[in-house]
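> Just need the structure, nothing else, for what follows:
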Amino acid sequence: MSFTQKHLDAIERAIARGEKTVRYSDRTVEYRDVDELLRAREEIRSSLTSTAGPRSRVVRLSHGGKGI
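Predicted coordinates:
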């Protein structure tokens, strides 16, 4: 399944409220316990970070010349 930030937000709201039911657009998922919610959150996080691709890097350029 392809996860989005909305999926992660919904899971985190449920964890914060102590709920076991999460609604995603047209579906409702009821988790057995908080541990299962936490595992789902980690799966979504890892999926989002792996699909995000490499992070951009900051490159600093310096000039060693005499100037004007």
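> check which helix or strand covers the spatially most central residue of the chain.
Note on the chain: the residue nearest the mean C-alpha position is Arg45, at 3.8 Å, using C-alpha atoms, centre = their mean. Element membership of Arg45, judged by DSSP states H and E, is helix 34-51.
> can you list contacts of that helix?
Residues from elsewhere that reach helix 34-51, judged by C-beta atoms under 8 Å, 6 or more residues apart in numbering: 2-5, 7-8, 11-12, 14-15, 18, 20, 22, 31. For the C-beta atoms, the positions are set from N, CA and C on the backbone; glycine is no exception.
> Recalculate using a threshold of 10 Å.
For helix 34-51, the surrounding residues in contact (C-beta atoms under 10 Å, 6 or more residues apart in numbering) are 1-5, 7-12, 14-15, 18-22, 29-31, 33, 55.
> Name the secondary structure element that contains Arg23.
According to DSSP H and E, Arg23 maps onto strand 21-24.
> Could you list the paired strands of the helix or strand that that strand is followed by along with their orientation?
Once strand 21-24 ends, the next helix or strand along the chain (criterion: DSSP H and E) is strand 27-30. Strand 27-30 has the following sheet partners, assigned by DSSP bridges: strand 21-24 (antiparallel).
> For the strand it pairs with, buried residues please.
Under the neighbour-count criterion of 16 or more other C-beta atoms under 10 Å, strand 21-24 has Val22 buried.
> same question, stretch 13-21
Judged by neighbour count (16+ other C-beta under 10 Å), stretch 13-21 contains these buried residues: 14-15.
> Having no further points to raise, I will conclude here.
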